[in-house]
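Asker: Provide a 3D model corresponding to the input given below.
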Amino acid sequence: MGHILLINVIFIRKDKINSLSIRNMNMLSMHKKYPLVIVLLFLLTGVSAQTAAPGIAANITFLELQRSSYPKIGDIFSRKEDTLKKQFEEKGLKWPAKFIYIRSFKYDSQLEVWVKQTSQEKYKLFKTYKVCALAGTLGPKRMQGDYQVPEGIYHINEFNPKSQYHLSLGLNYPNASDRILSDSLQPGGDIYIHGSCVTTGCIPVTDKQIEDIYLLAMHAKDEGQDFIPVHIFPVHFKNKASNDYLNRYLKDFPEYTTMANSLKQVYTYFERTKEIPLILINKKGEYLINGQMPEVRDEKQGKPISTRAPKPGYPEDDLAKVVHKLPVYPGGSAAFGSFLETTSKELSQYLEVDQEKAYVLIEYIIDSTGKPVWAKVIKGGNDELNEKLEERFEKMPQWQPAIRLDKNVGIKLKQTIVIERSTP
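Answerer: The predicted model follows:
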């Protein structure tokens, strides 16, 4: 396992246990017996644990416990349940959501709630809430009293209906990354999503909004989602003005670049798939998205530095420079045009988050048998898009080969293709 730190997450079936302290599970990551921690911070599906308070009947649900123990929660249900049901119906969503995913954007002061019914479904956006106060600046929380809102990958580990801020949902800050990178003695803590619209380092919304979020989270937990993921990003990356601000910030604080880039990868993965990626943490406290190292950027230009291995060239000694007849795609030029159009649509998901269109120039070789044998992007695109495009060209069907002096020959061709984000 070398450079990977694991956060040990124990999966316990709801029908096998009646109580489980999430705080105690978090402490496993600090135990000497578990030097490697996995943070499956969030692929959590239907296998989970049901928390019950000491002395409460084992068959009581989390929802029933909250409603029966706290009059405030019972009042919220009577006032809000029907309204939320109607809002779900208006958006074509099934009530209640069995899985929710929360993501917050510091600079943009937004909090989104995404929902779905099964682990196999894609998440759908339910609502965007306004974060009504902000403490600190961009960048992660690194010590107690710095007034910073954390940035990173977290989950809800506490429901507090008796909060002085109306209601609050606790986050598992400091997580394994924070424990490595933050002040070792006083990293800080007690980070919540809460009401009352005031903050010194939390994520505050209005009382009405926290009632919505709290109720949604209770339903999801009651359905078995013990680890509700909460991702906190520096900016909403699809917002150009926010991206520009982040890039200016990184020029002054280049040490924050790696983390910002890794969080952007998490954001981009979800934007493309509407699924939450597997996220690991290495010994440096860096997030690894689906096991990959964070993207590296040129600090002067703020652009990604290519991590693709250079593609070897193709021997061109047997390729013709001039031919009497060009190779023909099966079905002719109209069919080739359809191939390009389909490729453009299918590869649009690999555009940068803030990019609507890319003009990509690709070279490709059709050999003397008509087989596509090599392709290389020479201009435009990005690493992932270019790799996918080259694969598409190399997997094209057999062509009619080029002809020179009545002999079949190989030839190198060039093609510009426009990769454009489709309009929903």
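Asker: what's near enough to touch V230?
Answerer: The contact partners of V230, by CB atoms under 8 Å, 6 or more residues apart in numbering, come to I102, R103, S104, Y154, H155, I156, L171, I193. Where C-beta positions appear, they are placed from N, C-alpha and C, glycine not excepted.
Asker: do S182 as well
Answerer: Per CB under 8 Å, 6+ apart, neighbours of S182: P140, K141, R142, M143, P174, G188.
Asker: repeat that with 6 Å
Answerer: Contacts for S182 (CB atoms under 6 Å, 6 or more residues apart in numbering) come out as R142, P174.
Asker: still on that earlier bit, any idea which of the contacts of V230 is closest to T268?
Answerer: Ranked by distance to T268 (CB to CB), those are led by R103 at 12.6 Å.
Asker: returning to what we had before: want to throw the contacts of V230 into a markdown table with pLDDT?
Answerer: Shown next, in a markdown table, are these (pLDDT from 0 to 100):
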| residue | pLDDT |
| --- | --- |
| I102 | 98 |
| R103 | 97 |
| S104 | 97 |
| Y154 | 96 |
| H155 | 96 |
| I156 | 96 |
| L171 | 96 |
| I193 | 96 |
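Asker: where along the stretch 201-350 of the chain do the strands fall?
Answerer: 203-204, 229-233, 279-282, 287-289 (DSSP state E, counting those that start in this stretch).
Asker: tell me the mean pLDDT over stretch 244-255?
Answerer: Averaging pLDDT along stretch 244-255 gives 90.
Asker: follow-up on the earlier one: let's see which of the contacts of V230 end up in strands.
Answerer: Assigned to strands by DSSP state E, the following of the contacts of V230 qualify: I102, R103, S104, Y154, H155, I156, L171, I193.
Asker: The contacts of V230 into JSON lines, with extra columns for neighbour count and distance to F77?
Answerer: Formatted as JSON lines, these follow (neighbours: other CB atoms under 10 Å; distance: CB to CB, whole Å):
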{"residue": "I102", "neighbour count": "24", "distance to F77": "20"}
{"residue": "R103", "neighbour count": "20", "distance to F77": "26"}
{"residue": "S104", "neighbour count": "23", "distance to F77": "25"}
{"residue": "Y154", "neighbour count": "27", "distance to F77": "26"}
{"residue": "H155", "neighbour count": "23", "distance to F77": "24"}
{"residue": "I156", "neighbour count": "25", "distance to F77": "19"}
{"residue": "L171", "neighbour count": "25", "distance to F77": "24"}
{"residue": "I193", "neighbour count": "27", "distance to F77": "19"}
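Asker: and I378, what helix or strand is that in?
Answerer: strand 372-379 (DSSP states H and E).
Asker: if we take the contacts of V230, which one ends up nearest to E275?
Answerer: Nearest to E275 among these is R103, at 13.2 Å by CB to CB.
Asker: List the contacts of the closest one.
Answerer: E112, H231.
Asker: now do 10 Å
Answerer: 110-114, 128, 229-233, 236, 266-267, 270, 276 (CB atoms under 10 Å, 6 or more residues apart in numbering).
Asker: what is it paired to in the beta sheet?
Answerer: Beta bridges link R103 to E112, H231, judged by DSSP bridges.
Asker: Stretch 147-163 spans what distance, first to last residue?
Answerer: Its start and end residues considered, stretch 147-163 measures 19 Å (CA to CA, to the nearest Å).
Asker: what comes up buried for it?
Answerer: 148-157, 159-161, 163 (16 or more other CB atoms under 10 Å).
Asker: Can you tell me which of the residues you listed is closest to A402?
Answerer: Distances from A402 to the buried residues of stretch 147-163, taken by CB to CB, are shortest for I153, at 52.5 Å.
Asker: list the contacts for the closest one?
Answerer: 39, 41-42, 172, 175-177, 229-232, 262-263, 266, 276-277, 279, 281, 287, 289.
Asker: By neighbours, which of the contacts of R103 wins?
Answerer: With neighbours set by other CB atoms under 10 Å, the maximum within the contacts of R103 is found at V230, which has 28 neighbours.
Asker: ok, longest helix in this structure?
Answerer: Longest helix of the chain, by residue count under DSSP state H: helix 71-90.
Asker: same for that one, what does it pack against?
Answerer: Using 3 or more CB pairs under 10 Å, 6 or more residues apart in numbering; DSSP states H and E, the elements in contact with helix 71-90 are helix 62-69, strand 124-130, helix 207-222.
Asker: Show me the one of the ones you listed that comes nearest L413.
Answerer: Nearest to L413, of those and by CB to CB, is strand 124-130 at 42.5 Å.
Asker: which other helices and strands contact the closest one?
Answerer: Helices and strands touching strand 124-130, by 3+ CB pairs under 10 Å, 6+ apart, are helix 71-90, strand 99-105, strand 110-116, helix 207-222.
Asker: closest to S348 out of the ones you listed?
Answerer: Here strand 110-116 is closest among the helices and strands packed on strand 124-130 (CB to CB), at 21.5 Å.
Asker: where does that closest one sit relative to the chain's centre, distance-wise?
Answerer: Computed by CA atoms, centre = their mean, to the nearest Å, the chain-centroid distance of strand 110-116 equals 13 Å.
Asker: Show me what that strand is packed against.
Answerer: By 3+ CB pairs under 10 Å, 6+ apart, strand 110-116 packs against strand 99-105, strand 124-130, helix 207-222, strand 229-233.
Asker: got JSON lines for those, with distance to T343 too?
Answerer: Converted to JSON lines, these look like this (distance: least, CB to CB, whole Å):
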{"stretch": "strand 99-105", "distance to T343": "31"}
{"stretch": "strand 124-130", "distance to T343": "28"}
{"stretch": "helix 207-222", "distance to T343": "39"}
{"stretch": "strand 229-233", "distance to T343": "31"}
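Asker: That's all I had, so thanks and see you.
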